[in-house]
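Visitor: okay, predicted coordinates and the sequence, questions at the end:
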Amino acid sequence: MALHISSAPPISALHHLLCFFLHDTYPEMEYASSLQRQLASMKKNLFDQGYLDEQFYQLEELQDESSPNFERSCRMNPALIFQKYLQDFRRLDNFMHQLKGSASSIGAAKMKNECTSFREFCNKENREGCLRSFQKVKKEHAVLKQKLENYFQLLRQVGPVDKATRSGN
Amino acid sequence: MSSPRGPKACGGGAVDRQIHVLAVDDSSVDRAVIARLLRSSKYRVTTVDSGKKALELLGLESSELREIPVVIMSSENVPNRINRCLEEGAEDFLLKPVRPSDVARLCNRMR
């Protein structure tokens, strides 16, 4: 490989050479750090777009070897309940109260807000509003579930990483 | 929270000094969250989903039950109720969502 160093400062020429060797000799390193960047970016988007709030990140940062992983804790699984309680507004409101609590506990901000909205319609006995809001809660849950699946899948690929690296951004 | 036999420890003391917490909540998500919070502070944690199960698990006389420090966790921010819990002997009242800083504060108090 011809290296034109006459027109470039010596240090940057060396930099390109080093990158070439590093990439070729340690492709796994490049791949791993690219995954880490993806992960950091995904995490930032989830936060910026309001899907997750500070609670989620604080919980994730905790060291906890003994219990089931954090991913499992995030499963709210309201699927069964949604259909069952559709006709009974009082029970649906109770359920939404619980769902809101769960969302709040893991930092699922958008879902929490949508649950709040539902309960406001319920309090005003606004049936149409309730039904619309209920559909939105279902949708938010589905969206969040997918995003979290993607996030945790990427997290597994990145593997055990120094936490400072991951959360530093 | 159960009283340990001997000196209390928090943050990786010897096992026989470790505080064992019984966490009671009907929400599976909240059980998982509180367990995570407590275990990361090196508490040993058992979770149950009802008060009834908690009492069954403990199997203690009421006089012994009274010795156990209790911390209430609730999403309801009603000052009357909170005060009542504290007046009736609760060590603390944590408002949900429970945060790592809440558990850290608790840990310091329980020394």
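Guide: Perfect, I can see it now.

Visitor: so A:L62 touches B:L38, yeah?
Guide: No. In this structure, A:L62 is not within contact of B:L38 by Cβ atoms under 8 Å, at 9.8 Å. Every residue, glycine included, has its C-beta placed from N, CA and C.

Visitor: which bits of chain B sit near chain A?
Guide: By Cβ under 8 Å from any Cβ of the partner chain, the residues of chain B that approach chain A are B:27, B:29-30, B:32-33, B:35-37, B:39-40, B:45, B:75, B:96-100.

Visitor: among these, which ones are in helices?
Guide: Using DSSP state H, B:V29, B:D30, B:A32, B:V33, B:A35, B:R36, B:L37, B:R39, B:P100 are the members of the residues of chain B next to chain A that sit in helices.

Visitor: what about the first one, distance to A:R156?
Guide: Right, the one you point to is B:V29. To A:R156, B:V29 is 21 Å away according to Cβ to Cβ, to the nearest Å.

Visitor: between those two, which one's more packed in?
Guide: B:V29 (23 against 10; other Cβ atoms under 10 Å in any protein chain shown).

Visitor: can you give me the strands for chain B?
Guide: According to DSSP state E, chain B carries its strands in the segments B:20-24, B:44-48, B:71-74, B:92-95.

Visitor: what's the first one packed up against?
Guide: Identification of packing neighbours for strand B:20-24 by 3 or more Cβ pairs under 8 Å, 6 or more residues apart in numbering or on different chains; DSSP states H and E yields helix B:28-39, strand B:44-48, helix B:51-58.

Visitor: buried stuff in the second one?
Guide: Neighbour counts using 16 or more other Cβ atoms under 10 Å in any protein chain shown place B:V45, B:T47, B:V48 of strand B:44-48 among the buried residues.

Visitor: tabulate those residues in JSON lines, adding columns for pLDDT.
Guide: Below are those laid out as JSON lines (pLDDT from 0 to 100):
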{"residue": "B:V45", "pLDDT": "94"}
{"residue": "B:T47", "pLDDT": "96"}
{"residue": "B:V48", "pLDDT": "97"}
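
Visitor: between those, which sits nearest chain A?
Guide: B:V45 (7.6 Å; Cβ to the nearest Cβ).

Visitor: could you give the bridge partners of that closest one?
Guide: When assigned by DSSP bridges, B:V45 has beta-bridge partners B:V21.

Visitor: any idea how far B:P69 is from A:E54?
Guide: A:E54 sits 29 Å away from B:P69, going by Cβ to Cβ.

Visitor: those two - which one has more neighbours?
Guide: Using other Cβ under 10 Å as the criterion, A:E54 and B:P69 rank with B:P69 on top: 16 against 12.

Visitor: thought the more buried one was touching B:L22?
Guide: No. Taking contacts as Cβ under 8 Å, B:P69 lies outside contact range of B:L22: 10.9 Å.

Visitor: can you say which of the strands of chain B is nearest to A:K44?
Guide: strand B:92-95 (28.2 Å; Cβ to Cβ).

Visitor: in that closest one, what counts as buried?
Guide: Buried residues in strand B:92-95, counting neighbours by 16+ other Cβ under 10 Å, are found at B:D92, B:F93, B:L94.
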